[in-house]
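In: Structure, please.
(one chain, ligands or ions: 2)
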Amino acid sequence: MNNSTITVSTEPEWYRKAVFYEVMVRSFQDTNADGYGDFRGMIEKLDYLQWLGIDAIWLPPFFQSPLRDGGYDIADYRAVLPTYGSMADFDEFLAGAHARGMRVVIDFVINHTSDQHEWFQASRTDPTGPYGDFYVWRDTDTAFSNVRIIFTDTETSNWAYDEARGQYYWHRFFSHQPDLNFENPAVHDAVMDIARFWLEKGVDGFRLDAIPYLYVTEGNTGESEPPTHEFIAKLRAMMDREYPGRMLVAEACQQPQEVVDYFGSPEAPECHMAFNFPVMPHIFYSLRAGTAAGLVSTLRELPETPQGSAWGVFLRNHDELTLEMVTDEQRAQMYEWYSPEPRMKVNVGIRRRLAPLLDNDRAQLDLANALLLSLPGSPFLYYGDEIGMGDDIWLDDRDASRTPMQWTDGANGGFSEAPADALYLPLVSTETFGPHAVNVASQEPNPASILNWTRDMLALRRRMDVFGTGTMTLVEASNDSVLSFVRAPESGRGDTVLCVFSFATEPVAVELAVGSPHVTLLDVVSGAPVGATDDSGTLALELAPRAWHWLVLGP
Ligand code: GLC
Ligand code: CA
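Out: Residues are numbered from 1 along each chain as shown. Ligands and ions are numbered 1, 2, ... in the order given. Okay, the predicted model is just below:
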């Protein structure tokens, strides 16, 4: 499988045609029986990711950290956490990915550090020293009172008192994660140097963690403030100048009008990609409501994105399924549908995995995944979802959906040879989702498995550039349980695809206002003709419950 002649493409806009796969090092494969996945394990599994059809791997933080927030609490930006391996192991992993034509994007967590970081320790104990001003310190806890709390389940204030310094420090996340002070130019320099350190190693891009929160000014919300955008533009300019072809993806959970600002402007470009937080929860809403109305209006409201940019579309990730981007009524309804147990909620969201959320029902899973692969932008898959892994709501916080990857039906699901009680988290152990029921090895030989379905779909999508780079135009449907849009090639050359998704649980007849009269349509998956548009450019279709189709428009 390993073909040493493959290398990553030199296309500058590679990220527009890529399928990304998020996996945490500790969750994938343990090779030294200490119960934690490691870079040697990541290296072993590169062939699997290549086989699956992944173009880019997103690694959440793997740096020195007390691991009180899954590693998003960084104590040293330039050191690999020894549990995960050495820097040489990381280098070998990166080279191995590149040799297989896969890119590697790493998390860049610059809004805050761990309170264990030496900068913070120096800032606490030496207020007039070089790091005295690296964090946001005040004598009282009253400033910035307009700023909301994000971790509503654990934090009651964005300020915490430090005994050593006798002052309060600002934090948007856990109180052990003090926010860096971007008003201080020395912080800019320090952050730029860390970026260069990893770019120099050859990483292909950064996910900009918690990026809206860099600056906070009195009377404002501390989200998406103008100097935050200026800093991102500065980082982008450095990368364009010194490391062209590398990419930035914004984690900005913001409303449509604000999230597009993270792409920047032609004069001051910012990120190449931004996660599409507005669309994601509406997919889950539609699946239960049986209507596509909310999804259609969210897609309609999405502002145009600049030339060369791309959405990062996703269904699940290592965090909760956030419900910040839906109305209060929709949120209440979604809690009712998707969080029957109070334990399933966390903050403003739901801490469950894709398969259990969708009743482990292939029709719903296939519909959601097919839509994910059709929407404008590049899909981000979450490890384990390709085999329909489950979660463990008895674990704390977001650990519910961060359990070990299930490779086989053997001990510890083939993840580790450590004693079960030494694992970083236990394997899922239910009848439906435990490794005896859900694992890679048993799905590989089964052509009908969700694993092979995913692999086949990625292969199909890869042959059709239009899904990555094409335009999207919504198509009017006579039945509001149906979502339909046309993906057309940017350049005018190549296939045009009509995408159709029925959220109804009953068969429906629908008329789609495709626009062009007398075009024939061919189902991409089956290769079968499915009819033609009439004189008025309308296509009539009978759709099975939760059906989806990719239909190529004929001449
Ligand atoms: C981001 C990460 C999340 C983390 C938080 C604080 O939202 O995705 O996992 O807890 O930032 O770093
Ligand atoms: Ca290990």
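In: so what's residue 79 up against?
Out: Residues counted as contacts of residue 79 (C-beta atoms under 8 Å, 6 or more residues apart in numbering) are 63, 64, 87. Where C-beta positions appear, they are placed from N, C-alpha and C, glycine not excepted.
In: Any regions of the chain where pLDDT drops low?
Out: Scanning the chain with the threshold set as pLDDT under 70 gives 1-6.
In: what does it put close to ligand 1?
Out: Within the chain, the positions lying close to ligand 1 (C-beta under 6 Å from any ligand atom) are 69, 70, 72, 109, 173, 209, 210, 251, 318, 319.
In: Which of those residues has the largest number of neighbours?
Out: Highest neighbour count within the residues of the chain next to ligand 1: residue 109, with 29 neighbours (other C-beta atoms under 10 Å).
In: which residues does the nearest residue to that one once chain neighbours are set aside contact?
Out: Nearest residue to residue 109 in three dimensions, chain neighbours excluded: residue 209, at 4.3 Å (C-beta to C-beta, 6 or more residues apart in numbering). Taking C-beta under 8 Å, 6+ apart as the criterion, residue 209 is in contact with 72, 107, 108, 109, 110, 111, 251.
In: For the first one, what are phi and psi?
Out: Per-residue torsions, residue 72: phi -70, psi 10 (degrees, to the nearest 10).
In: if I read this right, it contacts residue 176, doesn't it?
Out: No - between residue 72 and residue 176 there is no contact under C-beta atoms under 8 Å: 10.7 Å.
In: Show me which positions of stretch 427-437 end up buried.
Out: Neighbour counts over stretch 427-437 (16 or more other C-beta atoms under 10 Å) mark 427, 428, 433, 434, 435, 437 as buried.
In: Off-centre distance for that stretch?
Out: 25 Å (C-alpha atoms, centre = their mean, to the nearest Å).
In: Residue 456 - how many residues pack around it?
Out: Neighbour count for residue 456, taken as other C-beta under 10 Å: 13.
In: check contacts around residue 15.
Out: 56, 205, 247, 249, 272, 273, 310, 378.
In: Of these, which belong to strands?
Out: Under the assignment DSSP state E, the contacts of residue 15 contribute 56, 205, 247, 249, 273, 310, 378 to strands.
In: who's in contact with the first one?
Out: Listed by C-beta under 8 Å, 6+ apart, the contact set of residue 56 reads 15, 18, 19, 20, 21, 102, 103, 104, 105, 204, 205.
In: quick one: which of those residues is nearest residue 333?
Out: Closest approach to residue 333 among the contacts of residue 56 (C-beta to C-beta): residue 20, at 30.0 Å.
In: and that closest one, how many neighbours?
Out: 25.
In: Same question for residue 528.
Out: For residue 528, the neighbour count with other C-beta under 10 Å is 9.
In: now it: how far from ligand 2?
Out: Distance, residue 528 to ligand 2, using C-beta to the ion, to the nearest Å: 49 Å.
In: That residue contacts residue 521, doesn't it?
Out: No - assessed by C-beta under 8 Å, residue 528 is found out of contact with residue 521, at 9.9 Å.
In: from the stretch 351-500 of the chain, which residue is nearest to ligand 2?
Out: Residue nearest to ligand 2 within the stretch 351-500 of the chain: residue 416 (7.1 Å; C-beta to the ion).
In: Could you dump the contacts of residue 15 into TSV and include distance to residue 218?
Out: Formatted as TSV, those follow (distance: C-beta to C-beta, whole Å):
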residue	distance to residue 218
56	40
205	34
247	34
249	30
272	32
273	32
310	36
378	38
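In: Just the closest of those residues to residue 469, please.
Out: Proximity of those to residue 469 (C-beta to C-beta) peaks at residue 310, which lies at 8.3 Å.
In: Contact partners for that closest one?
Out: Residues near residue 310 by C-beta under 8 Å, 6+ apart: 15, 16, 272, 273, 376, 377, 378, 468.
In: How about residues contacting stretch 247-261?
Out: 14-15, 105, 204-212, 223-224, 229, 232, 235-236, 239, 262, 270-278, 298, 301-305, 312, 322, 324-325.
In: List the buried residues of it.
Out: Neighbour-count burial for stretch 247-261 flags 247, 248, 249, 250, 251, 252, 253, 254, 256, 259, 260, 261 (criterion: 16+ other C-beta under 10 Å).
In: just how off-centre is that stretch within its chain?
Out: A distance of 12 Å separates the centroid of the chain from that of stretch 247-261, by C-alpha atoms, centre = their mean.
In: mind checking the end-to-end distance for it?
Out: Start and end residues of stretch 247-261 are separated by 16 Å (C-alpha to C-alpha, to the nearest Å).
In: and residue 552, helix, strand or coil?
Out: strand (DSSP: H, G, I helix; E, B strand; the rest coil).
In: roughly how far apart are it and ligand 2?
Out: From residue 552 over to ligand 2 the distance is 47 Å, taken as C-beta to the ion.
In: Near that residue, how many other residues are there?
Out: Residue 552: 18 surrounding residues under other C-beta under 10 Å.
In: Residue 451 now?
Out: Neighbour count for residue 451, taken as other C-beta under 10 Å: 21.
In: Now do the contacts for it.
Out: 52, 386, 387, 440, 443, 444.
In: Torsion angles phi and psi at it?
Out: phi -60, psi -50.
In: How much space separates the closest residue to residue 274 other than its chain neighbours from ligand 1?
Out: The shortest distance from residue 274 to any non-neighbouring residue, by C-beta to C-beta, 6+ apart, is to residue 250 (4.1 Å). Residue 250 sits at a distance of 12 Å from ligand 1 (criterion: C-beta to the nearest ligand atom, to the nearest Å).
In: was I right about the residue of the stretch 351-500 of the chain closest to ligand 2 contacting residue 404?
Out: Yes - counting by C-beta under 8 Å, residue 416 touches residue 404, with 6.8 Å between them.
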